[in-house]
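A.B. asks: Requesting a structural model of the entry that follows:
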Amino acid sequence: MSCTPPGYRLKTVDKVAAIYKLSKTNVMRYLRINKLIQELKDRLDNAEIGMRVAAALSFMRTDEQKIVDDLIAVGRKISEKQADMLKAESEKGELNECIYHIYYS
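C.D. replies: Predicted coordinates:
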């Protein structure tokens, strides 16, 4: 017997979430991680950045992600709030290397 209303079909995300006992939000974050450059995936695996930070950075272009990775490589930490700001600036098309240095100087 299904707990879903009649006529409702579970989406793949719902199914995966149920199978692995994750929230739909976390499943979506895991899917977003695939958009990261390998260096940032490695930083996530090594706990240098968190899942929410990684998910936010995944919305950025590859060249922008590389700049963020370079900053992390020299010891800069990126908070969730900073990652969200970077994502927003990237989506507006107003992100450049100068902005990174302003945020992290």
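A.B. asks: going forward, measure contacts between C-alpha atoms and count neighbours the same way
C.D. replies: Will do.
A.B. asks: what's the neighbour count on Lys87?
C.D. replies: Lys87 has 22 neighbouring residues, counting by other C-alpha atoms under 10 Å.
A.B. asks: same check, this time on the one 5 residues further on
C.D. replies: By the criterion of other C-alpha under 10 Å, Lys92 has 9 neighbours.
A.B. asks: For Ala18, see how far away it is.
C.D. replies: Using C-alpha to C-alpha, to the nearest Å, one gets 35 Å for the distance from Lys92 to Ala18.
A.B. asks: where does Ala56 sit relative to Gln38, distance-wise?
C.D. replies: Counting by C-alpha to C-alpha, the gap from Ala56 to Gln38 is 15 Å.
A.B. asks: For the two, indicate the residue with more neighbours.
C.D. replies: Ala56 (22 against 14).
A.B. asks: who are the neighbours of the helix or strand encompassing the more buried one, in terms of helices and strands?
C.D. replies: For Ala56, the host element (DSSP states H and E) is helix 51-57. Contact here means 3 or more C-alpha pairs under 8 Å, 6 or more residues apart in numbering; DSSP states H and E; on that basis helix 51-57 packs against helix 24-33, helix 38-45, helix 80-92.
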